[in-house]
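In: Structure here, sequence nowhere to be found:
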């Protein structure tokens with residue numbers, strides 16, 4: 001009888017422990033909203049893999065991934081506390097933060113910018129100066145707009161020399177392919193737009209990379225609200241750890257990351273052509289995870305010298321506060 005009683009008590013205790021452990025796990029997950037610059041394309045494959053493979057869940061994060069409709073808009077939604085984290089142009093984030101938005105970069109994915117002017121090969125444009133008087137399409141709130149005036153200035157052109165027209169992101173490539181209103185070019189990333197153009201039947205565009213015209217920038221970063229950094233650093237740490245774990249896994253197995261996007265989005269993204277496009281775009285991102293100055297190849301690192309170069313450029317051309325320091329716009333406290 002005594003042994004029976006002891007076994008009953010033991011089983012009850014074991015059951016209680018299991019219940020407490022599983023309950024702690026289930027209740028530990030924080031609901032987190034992430035705003036991407038745009039909705040899923042190849043560069044976002046790491047985030048998709050983190051969701052599909054349960055990496056965020058493992059780190060106690062119940063993630064809700066949404067489009068921010070452009071880098072500036074995505075970062076603004078974090079500044080307004082609509083969302084916890086954003087992924088988008090570091091230049092756009094710096095511009096917003098310099099104007100009072102309480103946000104900061106806590107990790108970098110694309111360590112170098114991929115922005116470019118992409119020109120129709122049948123346009124007759126051979127040099128960037130040939131764009132004078134021509135129509136160029138872009139999207140409002142896109143990070144690619146931040147440094148465009150610098151590119152023009154360094155090419156000996158003024159903003160008034162070109163006709164910049166905003167169209168919705170979903171219509172950007174189709175409008176370019178149709179030559180809408182006489183458009184000969186778009187502003188876009190080399191990481192995604194050439195692949196999208198070719199996937200829709202267009203020829204490889206002529207590219208004028210911003211980097212060829214003095215724009216050395218930090219590419220795309222993860223930003224959060226300053227209140228999160230101060231009041232909930234544990235969440236920021238777990239989010240960065242999960243994200244970098246996911247991108248490290250994507251580095252080792254890019255096809256699995258492409259599969260994750262296909263699983264989430266479905267439709268044409270799950271078909272062979274869609275997967276090929278995603279992989280082509282992802283390969284560009286994986287090739288620029290580390291800048292040349294990131295000597296130890298620390299994934300996610302905000303490299304001080306890279307930020308200093310970009311901030312110096314923005315002080316000269318983007319009216320950034322002359323008293324601001326590069327370190328005002330980022331922190332590495334959550335990067336391993």
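Out: Alright, I've got the coordinates. Being a predicted model, the structure only gives us computed values, none of them experimental.
In: Tell me where the stretch 101-250 of the chain has helices.
Out: 148-154, 169-178, 193-199, 226-231, 233-252 (DSSP state H, counting those that start in this stretch).
In: Relative to residue 120, which of those helices is closest?
Out: Evaluated over the helices of the stretch 101-250 of the chain, closeness to residue 120 peaks at helix 169-178, with 7.0 Å, by CB to CB. Using the backbone N, CA and C atoms, a C-beta is placed for each residue, glycine as well.
In: tell me which strands and helices the closest one is in contact with?
Out: Judged by 3 or more CB pairs under 8 Å, 6 or more residues apart in numbering; DSSP states H and E, helix 169-178 is in contact with strand 135-138, strand 183-189, helix 193-199.
In: how far is it from where the chain is centred?
Out: Taking the mean of its C-alpha atoms, helix 169-178 sits 21 Å from the chain's own mean (CA atoms, centre = their mean, to the nearest Å).
In: for it, which positions count as buried?
Out: Neighbour-count burial for helix 169-178, with 16 or more other CB atoms under 10 Å as criterion, is recorded at 169, 172-173, 175-177.
In: so residue 66 sits right up against residue 38, yeah?
Out: No - with contact defined as CB atoms under 8 Å, residue 66 does not reach residue 38; the gap is 10.6 Å.
In: on that earlier part again, just the buried residues of helix 169-178: which has the poorest pLDDT?
Out: Within the buried residues of helix 169-178, the minimum per-residue pLDDT falls on residue 169 (82).
In: how near is residue 40 to residue 205?
Out: Shown here: residue 40 relative to residue 205, a distance of 22 Å by CB to CB, to the nearest Å.
In: Counting neighbours around each, name which of those two comes out higher.
Out: Taking other CB atoms under 10 Å, residue 40 and residue 205 do not tie; residue 205 has more neighbours (22 against 19).
In: any idea how far the more buried one lies from residue 130?
Out: For residue 205, the distance to residue 130 - CB to CB - is 14 Å.
In: Over to residue 300?
Out: For residue 300, the distance to residue 130 equals 40 Å [CB to CB].
In: Show me which of these two is the more surrounded one.
Out: Between residue 300 and residue 130, counted using other CB under 10 Å, the more crowded position is residue 300 (25 against 13).
In: Now do the contacts for that one.
Out: Applying CB atoms under 8 Å, 6 or more residues apart in numbering to residue 300 gives the contacts 107-109, 222, 240, 243-244, 247, 335-336.
In: In JSON lines, list the buried residues of helix 169-178 along with distance to residue 84.
Out: Output for the buried residues of helix 169-178, formatted as JSON lines (distance: CB to CB, whole Å):
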{"residue": "169", "distance to residue 84": "23"}
{"residue": "172", "distance to residue 84": "28"}
{"residue": "173", "distance to residue 84": "31"}
{"residue": "175", "distance to residue 84": "34"}
{"residue": "176", "distance to residue 84": "34"}
{"residue": "177", "distance to residue 84": "37"}
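In: Residue 95 against residue 317, yeah?
Out: No - contact criterion CB under 8 Å: residue 95 and residue 317 do not qualify, at 11.3 Å.
In: More neighbours: these two, which one.
Out: Taking neighbours as other CB under 10 Å, residue 95 and residue 317 compare with residue 95 leading, 23 against 17.
In: From residue 189, how far off is the more buried one?
Out: 17 Å.
In: Then residue 321?
Out: Separation of residue 321 from residue 189 (CB to CB): 27 Å.
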